[in-house]
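Participant: whatever this is, show me its structure:
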Amino acid sequence: MSDTNCITVLTARGATEILKTGGSQAWRLDASHAAKHQYLVCVQNSKKDWGSQEAKHHHAFMIGQISGVSRAPENPKRWIINIDSYAEIDIPDQWDGNRNPVSYRNLENMRIDVMKLDFKPVSKVIPSAVRDGKVGDVHEYEVKPLNIKDAKAGLALYFGVSEDDIQITIQG
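Facilitator: Next comes the predicted model:
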């Protein structure tokens, strides 16, 4: 097993909110590095006065299989770690006091055996997206509109290059 195979986040959001948005957001991180990891482990921070805490403080409460990293809808300067499946867990004492709420760890060291977990799919509906000029739900098979900045960010992640190395030409 590699030294790090998961991203661990200390979050004030609960499982309900994370599943509703399809991932954990709004993080400052190296998106291309984060996208190379297979799992996201969410650890509850119940000491914040915002969010929707549902688990005990410093308990790992959810593990998700990472499907990608994209710009956070609520703050385009930050990132959302998207998941396509998840399992509920309850493992106490999973935060080491690090001031950075994002860390890269090893599942084995966290006492997590993914082979023993029952992963469930995450809904593929993206709420409040624009479709045919109207606000509504966009399902996984539909393409959602995006701007040049977001397109560059996504292409940079996909190809593993800097956003400055991406040039987009629109004809017509």
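Participant: what's the domain layout of this structure?
Facilitator: Following automatic domain parsing, the chain resolves into domains at 6-123, 124-172.
Participant: right, so the ones you listed: which one is the most enclosed?
Facilitator: domain 6-123 (a mean of 17; mean count of other Cβ atoms under 10 Å). C-beta: built from backbone N, CA, C; applies to glycine.
Participant: where exactly do the strands run in the protein?
Facilitator: 6-11, 23-27, 39-44, 60-72, 75-91, 102-105, 120-121, 126-131, 134-138 (DSSP state E).
Participant: turn these into TSV, including mean pLDDT and distance to I166.
Facilitator: Formatted as TSV, the strands of the chain follow (pLDDT from 0 to 100; distance: least, Cβ to Cβ, whole Å):
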stretch	mean pLDDT	distance to I166
strand 6-11	93	24
strand 23-27	90	22
strand 39-44	95	26
strand 60-72	91	14
strand 75-91	91	16
strand 102-105	92	25
strand 120-121	92	31
strand 126-131	43	23
strand 134-138	45	24
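Participant: is it possible to get JSON lines of those that adds distance to S52?
Facilitator: Listed next are those as JSON lines, based on distance: least, Cβ to Cβ, whole Å:
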{"stretch": "strand 6-11", "distance to S52": "10"}
{"stretch": "strand 23-27", "distance to S52": "12"}
{"stretch": "strand 39-44", "distance to S52": "10"}
{"stretch": "strand 60-72", "distance to S52": "12"}
{"stretch": "strand 75-91", "distance to S52": "15"}
{"stretch": "strand 102-105", "distance to S52": "19"}
{"stretch": "strand 120-121", "distance to S52": "19"}
{"stretch": "strand 126-131", "distance to S52": "16"}
{"stretch": "strand 134-138", "distance to S52": "21"}
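Participant: dihedrals phi and psi, the residue lying closest to H58 once chain neighbours are set aside?
Facilitator: Excluding the flanking residues, the one nearest H58 by Cβ to Cβ, 6 or more residues apart in numbering is W95, at 4.5 Å. Dihedral pair for W95: phi -130, psi 130, per degrees, to the nearest 10.
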